[in-house]
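Trainee: Just a sequence and a predicted model for now, questions to come.
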Amino acid sequence: MFNVRSASLETKTVTKLTCIAAIMLGSTGIAQAANGLSIESWRSDDANIWSDVIIPAFNKSHPDATVHFAPTPPTEYNSALQAKLKAGSAGDLITCRPFDTALDLYKDGHLANLNDLEGLKQFSDVAKSAWVTDDGKDQFCMPVASVIHGFVYNKEIFKELNLSVPKTRDEFYKTLDTIKSESRYIPLAMGTADQWEAATMGFQNIGPNYWEGEKGRKALLTGEGKLTDKAYVDTWQELAKWKPYLGRGFEAQKYSDSQNLFTLGRAAIYPAGSWDIQTFNNQADFEFGAFPPPVAKAGDTCYISDHTDMGIGINASSTNKEAAKIFLNWMASKEFATLYANEVPGFFPLSNHQIDIKDPVAQEFMSWRQQCESTIRNSYQILSRGTPNLENQLWNVSAQVINGTMTPEAAAKEAQDGLAQWYKPQQ
Amino acid sequence: MNPSNQHDEKKPFPWHLVFFLGPGLLIYVIFSVYPLLDTLVLSLYNEQQGQSHFVGLQNFITLITDDAWSHAFWNALSNNFTFFAIHMLVQNPIGLILAVLLSSPKLRLSGTYRTLIFMPTMLSVVIIGFVWQLLLSPIWGISENFLYSIGLGEYFDAWLGKESSALITLAFISVWQFVGIPMMLIYATLLNIPDDIVDASVVDGANSFQTFWHIKLPLILPTIAMVSILTFVANFNAFELIYAVKGALAGPNFSTDLMGTFFYRTFFGFQLQQGSASMGAAVATLMFLIILVGVMLFLFFIQRRIQRFQF
């Protein structure tokens, strides 16, 4: 209708309207150019890295291809992508959120099946698990990157107070006690105002050591394990012990406050996600290091949350699937893994290649994969499909346990009751 | 008047009415009436795997009786009533007092005060939320030092983070932002009261409090009633401040959850929670009904009894 109307108008107006139309199209991610590939993503922070480093590197081996990285801000990504896919204007390559968000796109026929993709052979089953159908038969996205949890610490403060990196829980609390009694530094930089840190940097960070990573996570899925089991109650009990080591007024402390407390050198230890490395590299003018969640006794197997966070798939209605597959296969290569890990420190490639990471802290995080068993956040696969939503509940109860307004036992009971309301194996 | 018109049986169609009312009506129907009706219809359906089918009132029954939903729903509703009560008890009386003070002829610089007090209303809620979070922050905020300097330091707490105080604190922030609106409306009405009525009461020997209580207050009651209904509608649609300060999960422990944030989580989803358009429409419909009932009660029981005065 738009075109028919504008044709009958004067040429000037037509030009104007075309301009407007072009701008509107541009903002929804253009680059449907001939033989071009367009990538949908929520990593708008990485737009420069893609256009200046990654895509030129791809073009070295594939000089004919034109690839365009078209990100949407993270908070709008899911709904914007949904709308574009429905309207048929989405890019050829789709960055996939893990588990249900992407699975729903596949079920609605928006993502192509990737079972015969050559590059997939470079990935382990755990890495691929975030983007297969429940029966494990169909793969619809290729893993790209994961994030690892742990603790980041201020090396200068540790040196000043003569502290060594804690390996066991006893050492961890001794360290915290020393910081608390012998200095004015805040031992642990975390708040509960935004709630998600309590669950993500708290519960999912230290928890795998209690529930033995994948074993405990799988048991929850089959119904053999319950959130009221000792492992989970103990996790919440340890979280409750954090309270005295947090800064004053931590109940109103937001995520950015915690980051600032650490980068300003006012806090010694920061329960972290590896994505924080970039922020800290930019803002902290002291040296910092990282250690994995402490284990019960020296020599115990350690477990880390190595969470599959990002995958990439092909738009089922793309007219350029062959080119998209070539690009995906390149993304499975060692070349891409090395580039990505070094340009975006804190996001770790999931492929099996041995790669060198130059950033020392990112390297430290990455090295835990060799020493420890990896697992993913236990609420992500299947368990957050119903009402009440398990992930939301974990945020809520973990924050309350740290605030001291809920006992660890009550937290376990509430989460388990919520899960049992709709999840058959847990009933 | 042309007498021949009276004989003309066919009156010309009032095209000018269509011409002037049409565009407005069309925009109103397309952007307001149609979405509203569509929401009402949507709330009667259930969507699963892209297939939607008619389920009647099932969504509402789930919302009010099913444990998984009803707890959150009643919690949001009762929080919303608290939020509204604080506005009625704090915002509107303060607005009234400010308006009376501003309209006093002895007050100098009243224009400056008026502008300053109205200023926050024009700011974006996101800015208000950000500024107040900083002011009240136990880490960087100035409110703690301020309280110490007036000797009340021991009463300082992380108000925005405590279950017992978060909602009240947010309500006060909202009051601070919007107190300019009742003030302006009441102020405008006060200015309309003719001087001779006030003068007459002074001649009759009334002091300034009696003048206010017996002369001015009855005359501004219709405005106060209107302010109340505006507060009611605005509070039950409130969402932005909570979302800006506490996020869609309205913590701690949902103590700041209002109907607006509850609707947002239901309709758009949150983190791993998938949004549900039909359930969200049911929440929106209930919000609409609550506001509708509130406004109707107000119209029947209060508005009709208020006498209006013409000067």
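Mentor: Good, I have the coordinates. Residues are numbered from 1 along each chain as shown, chains lettered A, B, ... in the order given.
Trainee: For residue B:165, which non-adjacent residue is spatially closest?
Mentor: Closest residue to residue B:165 in three dimensions, ignoring its sequence neighbours and counting by Cβ to Cβ, 6 or more residues apart in numbering or on different chains: residue B:159, at 4.5 Å. In this view, the C-beta of every residue, glycine as well, is placed from N, C-alpha and C.
Trainee: Tell me how far that neighbour lies from residue A:419.
Mentor: Using Cβ to Cβ, to the nearest Å, one gets 33 Å for the distance from residue B:159 to residue A:419.
Trainee: circling back to that earlier point, how close does the residue nearest to residue B:165 sit to residue B:106?
Mentor: When distances are taken as Cβ to Cβ, residue B:159 and residue B:106 turn out to be 37 Å apart.
Trainee: before we move on, the earlier item: for residue B:159 and residue A:419, indicate the residue with more neighbours.
Mentor: More crowded of residue B:159 and residue A:419, by other Cβ atoms under 10 Å in any protein chain shown: residue A:419, with 24 against 19.
Trainee: residue contacts, that one?
Mentor: A:227, A:383, A:386, A:390, A:426 (Cβ atoms under 8 Å, 6 or more residues apart in numbering or on different chains).
Trainee: ok, 6 Å please
Mentor: Residues touching residue A:419, when contacts are defined by Cβ atoms under 6 Å, 6 or more residues apart in numbering or on different chains, comprise A:390, A:426.
Trainee: avg pLDDT for the one helix or strand it maps to?
Mentor: Following DSSP states H and E, the helix or strand that holds residue A:419 is helix A:408-422. When the per-residue pLDDT values of helix A:408-422 are averaged, the result is 95.
Trainee: cool, stretch B:130-146 as well?
Mentor: Stretch B:130-146 comes out with an average pLDDT of 91.
Trainee: So which bits of that stretch are buried?
Mentor: B:132, B:133, B:136, B:137, B:138, B:139, B:141, B:144 (16 or more other Cβ atoms under 10 Å in any protein chain shown).
Trainee: contacting residues around that stretch?
Mentor: A:248, A:249, A:252, A:257, B:156, B:158, B:160, B:173.
Trainee: repeat for stretch A:195-204
Mentor: Among residues not part of stretch A:195-204, those counted as contacts by Cβ under 6 Å, 6+ apart are A:190, A:192, A:239, A:255, A:271, A:305, A:377, A:394-395, A:398-399, A:402, B:249, B:251.
Trainee: Closest one of those residues to residue B:284?
Mentor: The shortest distance between residue B:284 and any of the contacts of stretch A:195-204, using Cβ to Cβ, involves residue B:249 and amounts to 19.2 Å.
Trainee: can you tell me which residues contact the closest one?
Mentor: Contacts here follow Cβ under 6 Å, 6+ apart; on that basis residue B:249 touches residue A:195.
Trainee: Could you grab the helix/strand/coil label for it?
Mentor: Each residue gets one of three states, and residue B:249 gets coil by DSSP: H, G, I helix; E, B strand; the rest coil.
Trainee: how about the helices in the stretch 201-311 of chain B?
Mentor: Along the stretch 201-311 of chain B, the stretches classed as helices by DSSP state H, counting those that start in this stretch are B:208-210, B:217-236, B:240-246, B:259-268, B:277-301.
Trainee: right, and these - which one's nearest residue B:39?
Mentor: Relative to residue B:39, the nearest member of those by Cβ to Cβ is helix B:277-301, separated by 4.9 Å.
Trainee: what's the closest one in contact with?
Mentor: Residues lying outside helix B:277-301 but in contact with it, judged by Cβ under 6 Å, 6+ apart, are B:39-40, B:42-43, B:45-47, B:59-60, B:63, B:229, B:232-233, B:236, B:259, B:263, B:266-267.
Trainee: Restricting to those residues, which residues neighbour chain A?
Mentor: Filtering the contacts of helix B:277-301 for neighbours of chain A using Cβ under 6 Å from any Cβ of the partner chain leaves an empty set.
Trainee: Which among those residues count as buried?
Mentor: Those of the contacts of helix B:277-301 that meet the buried threshold are B:39, B:42-43, B:45-46, B:59-60, B:63, B:229, B:232, B:236, B:259, B:263, B:266-267, by 16+ other Cβ under 10 Å.
Trainee: closest to chain A among those?
Mentor: Distance ranking of the buried ones among the contacts of helix B:277-301 against chain A, using Cβ to the nearest Cβ, places residue B:266 first at 9.3 Å.
Trainee: ok, the closest one - contacts?
Mentor: B:279, B:280, B:283 are the contacts of residue B:266 under Cβ under 6 Å, 6+ apart.
Trainee: Let's have those in CSV, adding pLDDT and neighbour count.
Mentor: Below are those laid out as CSV (pLDDT from 0 to 100; neighbours: other Cβ atoms under 10 Å in any protein chain shown):
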residue, pLDDT, neighbour count
B:279, 91, 22
B:280, 92, 22
B:283, 95, 26
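Trainee: Save those residues as TSV, and put in distance to residue A:121 too.
Mentor: Formatted as TSV, the contacts of residue B:266 follow (distance: Cβ to Cβ, whole Å):
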residue	distance to residue A:121
B:279	42
B:280	42
B:283	47
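Trainee: Now do stretch A:160-178: everything it contacts.
Mentor: Outside stretch A:160-178, the residues that touch it by Cβ under 6 Å, 6+ apart are A:182, A:183, A:187, A:245, A:291, A:294, A:295, A:296, A:298.
Trainee: Can I get that stretch in PDB? Just the C-alpha atoms.
Mentor: Written as PDB, here are the backbone C-alpha positions of stretch A:160-178 (Å, rounded to 0.1, in the frame of the first residue of the first chain):
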ATOM      1  CA  GLU A 160      48.800  -6.100  51.800                       C
ATOM      2  CA  LEU A 161      47.100  -8.500  54.300                       C
ATOM      3  CA  ASN A 162      49.400 -11.400  53.500                       C
ATOM      4  CA  LEU A 163      46.700 -13.600  52.200                       C
ATOM      5  CA  SER A 164      47.000 -16.600  50.000                       C
ATOM      6  CA  VAL A 165      44.300 -17.800  47.500                       C
ATOM      7  CA  PRO A 166      41.900 -20.000  49.400                       C
ATOM      8  CA  LYS A 167      41.400 -23.500  48.100                       C
ATOM      9  CA  THR A 168      39.000 -25.000  50.700                       C
ATOM     10  CA  ARG A 169      36.000 -23.600  52.400                       C
ATOM     11  CA  ASP A 170      37.700 -23.300  55.700                       C
ATOM     12  CA  GLU A 171      40.500 -21.300  54.100                       C
ATOM     13  CA  PHE A 172      37.900 -19.200  52.300                       C
ATOM     14  CA  TYR A 173      36.100 -18.100  55.500                       C
ATOM     15  CA  LYS A 174      39.500 -17.600  57.300                       C
ATOM     16  CA  THR A 175      40.500 -15.300  54.500                       C
ATOM     17  CA  LEU A 176      37.200 -13.400  54.800                       C
ATOM     18  CA  ASP A 177      37.600 -13.200  58.600                       C
ATOM     19  CA  THR A 178      41.100 -11.700  58.200                       C
END
